[in-house]
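pasting the sequence and the predicted model now:
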Amino acid sequence: MHRPRWWAELSLVAVVYAAYSGGRLLVRGDEASAVDHGLAILRLEESLGIDAEHPLNRLFTSVPALGIPADFAYASLHYLVTPAVLVWLFRRRPAHYRAARTWLMVSTLLGLVGFTLLPTCPPRLLDPAHGFTDTMAHFSAYGWWGGEASAPRGLGGLTNQYAAMPSLHVGWALWCGVMLWRYGRTPLLRALGVAYPLLTTLVVMGTANHYLLDAVAGAAVMGAGLMLTLYVPRRRGTAEAPPVVSGGCETSTGERIPGQRSVTHTADDTSSAAR
């Protein structure tokens, strides 16, 4: 299998990411419906007893040694680790790169569909009466971000803050984890493959950027993207068998293919044939 051309892959990834980012901004839902969806998710989690965001957010807010690194992780790793894994696959596992890249892109576009159909207010933007603290705003003096998501100060208007469902922070981290676990050849890489998506899930909830069900939806989107990625090649049919060199023709006794070297028969060969 030929290695993909790096400039073609870079262009493709850039186009898909630009389309995703632009579409994410264009599908902003209105605040009222986004808040309603966020509250509906929170009430469902509370009824099921799985609202893990509350205790995590209180912990991250009260312990800066946890909250500040978590904010840095939320604001940066999503945009650093995923491209790094893509480059690693391209250079070290080219035979698996195309399928992995397609899985990531299809899942990302599915996430955009989720943002369109279900604009959702993250916990940090709910009324303070619901008990959440925006840790990135709380610890903003320590980082480059302001009070609006993880964007640099003054650029908050370029983000869609109601794109909480599904969580592609978790989805992309899960993709990275699967790649590291499946194609990593050292115990360290495999351990990172397990730890990274779990850590990301804790971070997005502890910083009040996502609900637990957002994380579950992010994993579900990646699963759906994987199924679609596996389905597409099957629609193309099975691979054709390699052509037969002789074209079905046979040579008659004593006839030689042009350029064929003659073989000198020994006495042992003649006696074997006689038997």
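In hand now; what should we look at?

for the stretch 101-250 of the chain, which segments count as helices?
Secondary structure of the stretch 101-250 of the chain by DSSP state H, counting those that start in this stretch: the helices cover 135-138, 168-183, 187-206, 212-235.

show me the shaky parts of the stretch 51-200 of the chain.
Residues of the stretch 51-200 of the chain that meet the criterion pLDDT under 70 lie in 146-158.

the helix or strand where residue 65 lies - contacts with which helices or strands?
Using DSSP states H and E, the element containing residue 65 is helix 64-92. Applying 3 or more Cβ pairs under 8 Å, 6 or more residues apart in numbering; DSSP states H and E, one finds that helix 64-92 contacts helix 6-26, helix 53-62, helix 94-117, helix 135-138, helix 168-183, helix 187-206. Where C-beta positions appear, they are placed from N, C-alpha and C, glycine not excepted.

help me confirm that residue 136 comes into contact with residue 73.
No. Taking contacts as Cβ atoms under 8 Å, residue 136 lies outside contact range of residue 73: 11.1 Å.

which of these two has more neighbours?
Between residue 136 and residue 73, counted using other Cβ atoms under 10 Å, residue 136 has the larger neighbour count: 27 against 19.

how near is the closest residue to the more buried one other than its chain neighbours to residue 97?
Spatially, and ignoring its direct neighbours in sequence, residue 136 is nearest to residue 71 (5.0 Å; Cβ to Cβ, 6 or more residues apart in numbering). According to Cβ to Cβ, to the nearest Å, residue 71 stands 32 Å off from residue 97.

what does residue 163 give?
Taking Cβ to Cβ as the measure, residue 163 falls 28 Å from residue 97.

could you check which of the two has the larger neighbour count?
The residue with more neighbours, out of residue 163 and residue 97, is residue 163; 26 against 22, by other Cβ under 10 Å.

for the more buried one, give the beta-bridge partners.
Counting by DSSP bridges, residue 163 forms beta bridges with residue 120.

thinking residue 134 is in contact with residue 128, fair?
No. Contact between residue 134 and residue 128 fails when scored by Cβ under 8 Å: they sit 9.5 Å apart.

looking at these two, which is more packed in?
Using other Cβ under 10 Å, the more surrounded residue of residue 134 and residue 128 is residue 134, with 23 against 8.

any idea how far that one is from residue 202?
Residue 134 is 17 Å from residue 202, by Cβ to Cβ.

for residue 108, same thing?
With the distance defined as Cβ to Cβ, residue 108 ends up 22 Å from residue 202.

of these two, give the one with the bigger neighbour count.
Neighbour totals were compared for residue 108 and residue 202, and residue 108 leads with 22 against 17 (other Cβ under 10 Å).

my read is that the more buried one contacts residue 169, right?
No. Applying Cβ under 8 Å, one finds residue 108 not in contact with residue 169, separated by 11.9 Å.

show me what contacts residue 75?
136, 143, 144, 145, 150 (Cβ atoms under 8 Å, 6 or more residues apart in numbering).

quick revisit: out of the helices of the stretch 101-250 of the chain, nearest to residue 14?
Between residue 14 and the helices of the stretch 101-250 of the chain, the shortest gap by Cβ to Cβ is with helix 168-183, which sits at 16.3 Å.

buried set for that closest one?
168-181, 183 (16 or more other Cβ atoms under 10 Å).

and if you look at stretch 127-145?
Buried residues in stretch 127-145, defined by neighbour count with 16+ other Cβ under 10 Å: 132, 133, 134, 135, 136, 138, 139, 140, 143, 145.

find the nearest non-adjacent residue to the third one, please.
Put plainly, it is residue 134. Computed as Cβ to Cβ, 6+ apart, the closest residue to residue 134 that is not its neighbour in sequence is residue 124, at 3.8 Å.

number of nearby residues for the one you found?
By other Cβ under 10 Å, 22 other residues sit near residue 124.

cool, and residue 30?
Counted with other Cβ under 10 Å, residues neighbouring residue 30 total 10.

and the residue nearest the centre of this protein?
residue 172 (3.3 Å; Cα atoms, centre = their mean).

find the nearest non-adjacent residue to it, please.
Using Cβ to Cβ, 6+ apart and skipping the chain neighbours, the partner closest in space to residue 172 is residue 82 (4.9 Å).

I appreciate the help and will end here.
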